[in-house]
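A.B. asks: just coords:
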């Protein structure tokens, strides 16, 4: 077991973290995994933005281009809120 020896534990932790970083799209743009985000707009439930139409105040997308457009809008952070959905 790698946890008995301190140096082996550190080496195991480093290797584990390196593998996990390779799976995330933030550190590896070529990764196939895409972050799916949900956006909520309570005050304007049928809000229309370029590339996004909210239905009932909710919009879900995994397209980074549309996510960037929504987050660049002036209503983001005031009327529009986001969270990341588990795949």
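C.D. replies: Arrived safely, thanks for sending. What you see is a predicted model; the values in this text were computed from it and never measured. Residues are numbered from 1 along each chain as shown.
A.B. asks: Could you list the domains of this structure?
C.D. replies: Following automatic domain parsing, one finds the domains of the chain at 1-32, 34-87.
A.B. asks: Worst mean pLDDT among these?
C.D. replies: For the domains of the chain, the weakest mean pLDDT is recorded on domain 1-32, namely a mean of 74.
A.B. asks: Single out the most deeply packed of the domains of the chain.
C.D. replies: Most buried of the domains of the chain, by mean neighbour count (mean count of other C-beta atoms under 10 Å): domain 34-87, with a mean of 14. (Each C-beta comes from the backbone N, C-alpha and C, glycine too.)
A.B. asks: Centre of the chain to that one, how far?
C.D. replies: Counting by C-alpha atoms, centre = their mean, to the nearest Å, domain 34-87 is centred 12 Å from the centre of its parent chain.
A.B. asks: List the residues that contact residue 69.
C.D. replies: Applying C-beta atoms under 8 Å, 6 or more residues apart in numbering, one finds that residue 69 lies in contact with 49-52.
A.B. asks: Export the residues you listed as JSON lines, with columns for secondary structure and distance to residue 68.
C.D. replies: Below are the contacts of residue 69 laid out as JSON lines (DSSP: H, G, I helix; E, B strand; the rest coil; distance: C-beta to C-beta, whole Å):
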{"residue": "49", "secondary structure": "strand", "distance to residue 68": "11"}
{"residue": "50", "secondary structure": "coil", "distance to residue 68": "11"}
{"residue": "51", "secondary structure": "coil", "distance to residue 68": "10"}
{"residue": "52", "secondary structure": "strand", "distance to residue 68": "11"}
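A.B. asks: any idea how far the residue nearest to residue 43 when sequence neighbours are not counted lies from residue 41?
C.D. replies: For residue 43, ignoring the flanking residues on the chain, the nearest one in space by C-beta to C-beta, 6 or more residues apart in numbering is residue 79 at 4.9 Å. Distance check for residue 79 against residue 41: by C-beta to C-beta, to the nearest Å, it reads 6 Å.
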